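In: just need the structure, nothing else, for what follows:
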Amino acid sequence: MGRAQFYTFVCIELRQGFHWRLPTGLQSGGKIIDAARFFFKGADLVRIEAGKHQRLVLACPDLSQAIQGIGTIRLEAVSARRPLPPFGIGLSFGTLKEPGAFDPGTASITAEWLAGVAPTGAILTLERVAQIAEDLDLFPFGFADYGELFNLNRSRVDCVHVLTHPLLPLVAPVDGEEERRHNLPPNDRFFIGRESELEDLRAAFMTHRGVEIVGPSGCGKSALIRRLAW
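Out: A predicted model of the protein is given here:
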């Protein structure tokens, strides 16, 4: 027997009445979305489910490519360059049942479950996938703890993580308490304007791990960074 080929399964679930575009004659009317908008380099189609749940399942042989590919699509939606409908996304690992045939079992089901429980716009994965991703050069993408969720499909509690990026909206952990990623005091003073400076800082943090803010005493450097952090 040959060595098992691992794949990253990506499930995108549409919400709020949106439907995947199917071959002509199978569907008409409604809010139709072309599945090709969610494809990224290296992704292969596993299946489209267009019944009770509107799910698109993709498979990619490279974890880095899958995370960065679907993450970039999400970023483009946030920036409004390519607006997308409401969705949840799940990532999971699996293997090929045999050369050229995707296993529709545990990995795909896990990705579908994660897509179903994900907050709208969020990308969720299991802890083991997030741990592997930590060893990959994915900066500025990363993963944060989302919490423990009961997996009905496997009758167990799974530790779930959410994809993060400086330009993506923060997703509060499942317990409702927003995770703090810093020890800065809250910015409780009035903060008006300076949006262009905040945007410049966000852009700088996208490409640099450390950013230095310089200026004369009293110009508001500390207030600016606290505003960005909170």
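
In: how about the helices in this structure?
Out: Along the chain, the stretches classed as helices by DSSP state H are 63-78, 106-117, 127-134, 195-207, 221-229.

In: tell me which of those helices sits most buried.
Out: Stretch with highest mean neighbour count among the helices of the chain: helix 106-117 (a mean of 22; mean count of other C-beta atoms under 10 Å). C-betas here are computed from N, CA, C, even on glycine.

In: who's in contact with that helix?
Out: Applying C-beta atoms under 8 Å, 6 or more residues apart in numbering, the external contacts of helix 106-117 come out as 7, 9-13, 46, 53, 55, 57, 87-95, 102, 124-126, 149, 151-154, 160.

In: any idea how far that helix is from the middle of the chain?
Out: Chain-centre distance of helix 106-117: 14 Å, with C-alpha atoms, centre = their mean, to the nearest Å.

In: same deal with stretch 38-50?
Out: That offset, for stretch 38-50, works out to 16 Å (C-alpha atoms, centre = their mean).

In: quick one: contacts of that stretch?
Out: Applying C-beta under 8 Å, 6+ apart, the contact partners of stretch 38-50 are 9-10, 12, 19-20, 22, 26-27, 35, 55-62, 65-66, 69-70, 72-73, 102, 104, 108.

In: returning to that earlier point: strands - which of the contacts of helix 106-117 land there?
Out: Within those, membership in strands is found for 7, 9-13, 46, 55, 57, 87-95, 102, 124-126, 149, 151, 160, as judged by DSSP state E.
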